[in-house]
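Asker: Sequence isn't available, so here's the structure alone:
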């Protein structure tokens, strides 16, 4: 049986050993810092993926608008849904056609083009049309895609600009139709 003095000495020695012992300190440090680091990495990956998807949408919009500019859309009597499908095929690696919207409108001058924000009250307002014009007309094609944001409003940093943790990606192309 230990006396009270012996127990105090044993306890003091145990505390000294515990202070000197560094086994497991890396695990504790990682437990404190690791989750924040992983969240930062996933946030960077999500933003990078979103920019990559937006670039895909931009490229698909530019390529598809060229068909309007050269008169191929008009000569084949392409509908809005067919044109949307064409854009979707060109960007299918990153986007789902269900959340894609296409707007094509003709204008008298480039300065008249409407690039207003289609978001109202946190929701996308679908006022899209499909007017490809005739030879010499100025046509502005805008595409919109609802991108789901996974790390929405995490630590005060929110990439979503719509309700439902969505971000509206957009791309546009303004051209003057060629004589065809």
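Answerer: That came in fine, so what should we check first? Every value quoted in this text rests on a predicted model; they were computed, and no experiment measured them. Numbers count the residues shown, from 1 in each chain.

Asker: Summarise which helices and strands the longest helix belonging to the chain is packed against.
Answerer: Scanning the chain for the longest helix, with DSSP state H as the assignment, gives helix 25-69. Judged by 3 or more C-beta pairs under 8 Å, 6 or more residues apart in numbering; DSSP states H and E, helix 25-69 is in contact with helix 80-90, strand 138-148, strand 166-176. Just so you know, the C-beta spots here come from the backbone N, C-alpha and C atoms, and that holds for glycine as well.

Asker: tell me how far it is from the chain's mean position?
Answerer: From the chain centre to the centre of helix 25-69 is a distance of 8 Å (C-alpha atoms, centre = their mean, to the nearest Å).

Asker: Same check on stretch 106-115?
Answerer: Counting by C-alpha atoms, centre = their mean, stretch 106-115 comes out at 27 Å from the chain centroid.

Asker: May I see the buried residues of that stretch?
Answerer: 106-107, 113 (16 or more other C-beta atoms under 10 Å).

Asker: Can you tell me which of these is closest to residue 28?
Answerer: residue 113 (58.6 Å; C-beta to C-beta).

Asker: Isn't the closest one up against residue 140?
Answerer: Yes: at 4.6 Å, residue 113 and residue 140 qualify as touching, with contact defined as C-beta atoms under 8 Å.

Asker: Just to check, residue 69 is in contact with residue 139?
Answerer: Yes: with contacts defined as C-beta under 8 Å, residue 69 counts as touching residue 139 at a distance of 7.2 Å.

Asker: what is in contact with the two at once?
Answerer: 175-177 (C-beta atoms under 8 Å, 6 or more residues apart in numbering).

Asker: what about residue 69 and residue 139, which has more around it?
Answerer: In terms of neighbours (other C-beta atoms under 10 Å), residue 139 is the more surrounded of residue 69 and residue 139; the figures are 22 against 19.

Asker: And the pLDDT for the more buried one?
Answerer: pLDDT for residue 139: 97.

Asker: so what's in contact with residue 113 and residue 140 at the same time?
Answerer: Joint contacts of residue 113 and residue 140 (C-beta under 8 Å, 6+ apart) are 107, 174.

Asker: Now the most centrally placed residue in the chain: closest residue in space, sequence neighbours ignored.
Answerer: Using C-alpha atoms, centre = their mean, the residue of the chain that lies closest to the mean C-alpha position is residue 50, 3.2 Å off. Leaving out its chain neighbours, the residue that sits closest to residue 50 by C-beta to C-beta, 6 or more residues apart in numbering is residue 147, at 5.9 Å.

Asker: Looks like that neighbour contacts residue 47 (just checking).
Answerer: No: when contacts are counted by C-beta under 8 Å, residue 147 is not listed as touching residue 47 (11.0 Å).

Asker: neighbour count winner among these two?
Answerer: The neighbour comparison of residue 147 against residue 47 (other C-beta under 10 Å) goes to residue 147, with 23 against 14.
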